[in-house]
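with the input below, show me the fold.
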Amino acid sequence: MKHLSIFLILVFTAFSQSTFACSFGGADLFKPTLERWQEHPGPAQKGEKGDYWEKVPAPVVKVSSITRGSAKSGSSCDDAGVILLEISLPKESTYSIEEFAVYFRVKEGLLPDAIFPDVPLVGEYKDGKMTLLLAWLDGHPSRQIPLDLKVEAFFITNSLNIGESTIFNIVASKG
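Below you'll find the model as predicted:
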């Protein structure tokens, strides 16, 4: 019985790193329904100049925070870099943020890891805004590269309508 207890303690110790591994929520893959998206009437339908239907707007993107890794790779959550983005609609839009997913494309800069996946994302919706938390393997500051990225973002609807893009910057020195 004593040997079994020692064995179980060794097994628990050996696998405790993976058992307590960190997990980041805050960004999910977009799963379009392909149902017809309901466009809102544009200015032309109200007797004004402009489009007949309101187009998919360009997103308003705010980089809320950037946290760089502080430990060597494989050190649970301490080796992760994290970017928190706040996405909203332009003030003149009559749509709801819940109608959209966001696609990102890095236009300029060197990525340390796959920060932005090549599929659209949805985040947490609250108070007319979408919050996205993006994490990547950043590692210890001695192995990091400074971030100086120009990123393009645009909205996508459930029926795969794509809107105009917005360009924003992500700039952060090593951790």
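
pretty sure Phe30 contacts Val119?
Yes. Counting by Cβ atoms under 8 Å, Val119 is a contact partner of Phe30 at 6.8 Å. (Each C-beta comes from the backbone N, C-alpha and C, glycine too.)

who has more neighbours, those two?
Comparing Phe30 with Val119 by other Cβ atoms under 10 Å, the one with more neighbours is Phe30, at 16 against 11.

give me phi/psi at that one?
Main-chain dihedrals, Phe30, degrees, to the nearest 10: phi -80, psi 130.

ok, now which ones touch the closest residue to Asp28 other than its chain neighbours?
Nearest non-adjacent residue to Asp28, counting by Cβ to Cβ, 6 or more residues apart in numbering: Val122, 5.3 Å away. Val122 makes contacts with Ala27, Asp28, Leu29, Phe30, Ala101, Val102, Met130, as judged by Cβ atoms under 8 Å, 6 or more residues apart in numbering.

what's the answer for Ala80, then?
Cys22, Phe24, Gly69, Ala135, Trp136, Leu137, Asp138.

beta partners of Tyr125?
Beta-bridge partners recorded for Tyr125 (DSSP bridges): Met130.

now Ala101
Ala101 has these beta-bridge partners by DSSP bridges: Ile156.

redo the contacts of Val122 as JSON lines? Include pLDDT and distance to Ile162.
JSON lines is the format used below for the contacts of Val122 (pLDDT from 0 to 100; distance: Cβ to Cβ, whole Å):
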{"residue": "Ala27", "pLDDT": "89", "distance to Ile162": "19"}
{"residue": "Asp28", "pLDDT": "92", "distance to Ile162": "19"}
{"residue": "Leu29", "pLDDT": "91", "distance to Ile162": "17"}
{"residue": "Phe30", "pLDDT": "95", "distance to Ile162": "12"}
{"residue": "Ala101", "pLDDT": "98", "distance to Ile162": "10"}
{"residue": "Val102", "pLDDT": "98", "distance to Ile162": "11"}
{"residue": "Met130", "pLDDT": "98", "distance to Ile162": "17"}
